[in-house]
Structures are given as C-alpha cells and as structure tokens.
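Enquirer: coords please:
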Amino acid sequence: MAWVGVVALSIALVACTCGAQVSTIYSTSLAFAAKKTDGTVVVWGDVNNGGDATVPNAVDLTGVDTIYSTYSAFAAKKTDGTVVAWGGANAGGDTTVPNAVDLTGVNTIYSTGYAFAALKTDGTVVAWGSASYGGDATGVDFTITSTARPPEILILKCTRPFDLTLQICDV
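Expert: The predicted structure follows:
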C-alpha cells in the first residue's frame, strides 16, 4: 500500500490578551473570526478561507456590528452600514467578483455556501461571490408585481353562544 498524498494540519493556540472581550465567534470551513465587544475583529486559520483579513485585499475590521460567512469567506457589516469582505475570492471574499457592488447602506446580509447577498436600507439587493451560488444578481427584477385583488378582512361575530357568523369584507 502506497501513500498518494499527505495532509499536514497544524494546531495553534490563540489567546486574545488585548483588553476587549470576545462577544461572538464565527467560522468558515477552515478559519475563525472573533468579534470583540469594542467592535474590532481578530481572525485566524487558513489564509485562503478567511484566516487572514488581508486576503484578497486588506480590510478594516473596526466598527463591526455583525459577521456573516460562506464556506471560505467572511463579510462584516459595520455599524455605519458599510460591508467589508475577505477570504476566498470566489466565495464572497472579494466584493468585485463577479461584479463590483456598492456595499453602503446595508441593513442585513444573507449567505449561501459560496456567495453573499445584502439587503440595503432602500430595499435594493446586491450580491457577490460565485455566480453559480447566487453571487450575481445582475438582471434579477426585485420589484413586486401583483394582479391579485386586495386582501379581504374576515370578521367573526358571535351573536349568541356557539353561533358564529362569518362576514367577508373587501378592503
């Protein structure tokens, strides 16, 4: 029996002695991001999976409100409504893949395995990451079109015990 390949794993102990307490830890498949109570973030793990906040581009990890993750990337929504991302470029770590997106005025972020979508405060949606996993929302019509009639209001009236009358009213 011959070895085809060998995978080496290294384990490191990470201690944060930087004053602020960690409030939440997030993860990708091979990295962690710890949000501290002062809004700063520390990351560790595999460089290409979010363990280095300078890959693919250096990002500012201060003023962070919430962190989201895909299989190999993180996106951090900051308290000012902007978003920064890092990690695997094709999994959402690069906000220019497949198209550059405007990540200001963001309310919340959603993720799949390899893409992010951000719901902005004005009701628009932007996406980035792998197009096959929802990272390209180009051409998607998010407007609401309805030909249904307005909802009806159901009113239950009780005229005497155990005798209910149902009345339907158009709005």
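
Enquirer: Quick check: what element follows the strand or helix carrying Val43 along the chain?
Expert: If you go by DSSP states H and E, Val43 is part of strand 41-45. As assigned by DSSP H and E, the chain's next helix or strand after strand 41-45 is strand 64-69.

Enquirer: Give me the sheet partners of that next one and which way each runs.
Expert: strand 73-78 (antiparallel) (DSSP bridges).

Enquirer: Please save the CA atoms from the partner strand in CSV.
Expert: Extracted in CSV, the C-alpha atoms of strand 73-78 (Å, rounded to 0.1, in the frame of the first residue of the first chain):
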residue,chain,number,x,y,z
ALA,A,73,-15.1,33.9,3.2
PHE,A,74,-16.4,36.4,5.8
ALA,A,75,-18.4,39.5,5.3
ALA,A,76,-18.6,42.1,8.1
LYS,A,77,-21.5,44.6,8.4
LYS,A,78,-20.2,47.7,10.1
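
Enquirer: And the next helix or strand past that strand?
Expert: strand 83-87.

Enquirer: what comes into contact with that following strand?
Expert: Residues from elsewhere that reach strand 83-87 (Cβ atoms under 8 Å, 6 or more residues apart in numbering): 28, 31, 43, 48-57, 59-61, 70, 72-78, 92-95, 103, 106, 109, 116, 118, 128. Using the backbone N, CA and C atoms, a C-beta is placed for each residue, glycine as well.

Enquirer: ok, back up a step: show me the contact partners of the strand holding Val43.
Expert: Taking Cβ under 8 Å, 6+ apart as the rule, strand 41-45 contacts 12, 14, 16, 18, 28, 30-36, 50-53, 61-62, 64, 67, 74, 76, 86.
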